[in-house]
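Engineer: quick one, structure for this:
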Amino acid sequence: MKLSHSLAAGAALLVTAGCAITPPSLPSVSASAPPTASATTSASPTVATSPPVVAPTVPGAAGALDVSAYEVSMFASPTGAIWCAVKEDSAWCHFPSGYQAKVPTSEEVCPEEQLDVTGVAVGNKVEYFCSGDPTAFPALNNAGYGLEWFASSGFPKVKYSDFTLATLPYGKKLADGSFVCLSEKSGITCGDTSTGIGFKMAKAGVTFIS
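Structural biologist: I've put the predicted structure just below:
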């Protein structure tokens, strides 16, 4: 599995315009009658604020299901769209179907392998990787390889395409050595707790954690 780095970003600006409206005629006010306080006091405008965007961090191992007894542990997001795996020295996720962010070309990532760029991995560093077939394939009809951890987990399965997949429910984590993966509605976050590097994979894009 050949790996490399890439980042991509973009921005957009939308401008809108309104139409002028002629106000209705106002009744005349007697010069001897001073305006009331309510007529001269304007309310302070309410300013809407957006919540701050919190950058992802490597999830801690506390509360995680320990899967270090197995060679590799594969799983899918609860929707079945994101396929990932974790082992004692690495973790990785494939791009989900309908992935919306830009992906680097194979010429940038694995120019000599003639393979597609299919996901992101973390080991000694965080990088894109190329593969011919999925290297994380959590299908229960796949002879169970990489799914030994799932048998006693009590976690649910999900039907996705023609497969029945083992899932990591939202809020749950798997830990193998110092590598941990966390499932959330916003995506799958995996990383190395000893170095603090990792990534968050979502349909909207991937975020590198360093």
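
Engineer: any regions of the chain where pLDDT drops low?
Structural biologist: Counting by pLDDT under 70, the low-confidence segments of the chain come to 1-53, 142-143.

Engineer: what about the residue lying closest to residue 87 once chain neighbours are set aside, how many neighbours?
Structural biologist: Nearest residue to residue 87, sequence neighbours excluded (CB to CB, 6 or more residues apart in numbering): residue 72, at 4.4 Å. Glycine gets a C-beta too; all of them are placed from N, C-alpha and C. Using other CB atoms under 10 Å, the number of residues around residue 72 comes to 19.

Engineer: quick check: residue 72 touching residue 146?
Structural biologist: Yes. Here residue 72 lies in contact with residue 146, judged by CB atoms under 8 Å, at a distance of 4.9 Å.

Engineer: joint contacts of the two?
Structural biologist: In the contact map built from CB atoms under 8 Å, 6 or more residues apart in numbering, the residues linked to both residue 72 and residue 146 are residue 85.

Engineer: tally of neighbours for residue 102?
Structural biologist: Other residues near residue 102 come to 12 when the count uses other CB under 10 Å.

Engineer: ok so it is a strand residue?
Structural biologist: No. The assignment for residue 102, made by DSSP: H, G, I helix; E, B strand; the rest coil, is coil rather than a strand.

Engineer: all the strands of this protein, residue numbers only.
Structural biologist: Defined through DSSP state E, the strands belonging to the chain, from first to last, are 3-4, 65-66, 73-76, 83-87, 90-94, 116-122, 126-131, 157-160, 163-166, 173-176, 179-184, 187-192, 197-202, 205-209.
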